[in-house]
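Trainee: whatever this is, show me its structure:
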Amino acid sequence: VFGRRRAVAIARRLRPGMASVNSTLTFAGMSTLPFGGVGDSGFGRIHGADGLREFGRAKSITRRRARSLLPSMTFERTPADVARLVKAIKVMYGRS
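Mentor: Take a look at the predicted model:
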């Protein structure tokens, strides 16, 4: 945005990934500021914390460390396990 009086106010109202006032590509030289487009013009982010997030994604990993006491969600359950599950459910719901 180029201007003398209202350039900063106009830049604040825009919805780009970045805005530069009275300069072109000032962001390219500032490695701590996120740089990149948004919406249809965006290819992602570089620089700063937002740039680092572009190269990562959340991932959950779980691992069973011991045999379940009541293996209800596995095919490893035995008839005795099923009997314990039925008994536990009856106790929880007050049925005999």
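Trainee: what's around residue 82, how many residues?
Mentor: When neighbours are counted by other Cβ atoms under 10 Å, residue 82 registers 13. (Each C-beta comes from the backbone N, C-alpha and C, glycine too.)
Trainee: hmm, I typed the wrong one, I wanted residue 47.
Mentor: Neighbour count for residue 47, taken as other Cβ under 10 Å: 19.
Trainee: now swap in residue 20 and tell me
Mentor: Residues lying near residue 20 (other Cβ under 10 Å) number 15.
Trainee: wait, isn't it in contact with residue 1?
Mentor: Yes: if you go by Cβ atoms under 8 Å, residue 20 and residue 1 touch, sitting 7.3 Å apart.
Trainee: what do these two both touch?
Mentor: By the contact definition Cβ atoms under 8 Å, 6 or more residues apart in numbering, residue 20 and residue 1 are jointly contacted by residue 11.
Trainee: what about whichever helix in the chain runs longest, average pLDDT?
Mentor: Criterion DSSP state H: the longest helix present in the chain is helix 79-92. With pLDDT averaged residue by residue, helix 79-92 scores 86.
Trainee: by contact count, what packs against that helix?
Mentor: Contact analysis of helix 79-92 by 3 or more Cβ pairs under 8 Å, 6 or more residues apart in numbering; DSSP states H and E lists no helix or strand as a packing neighbour.
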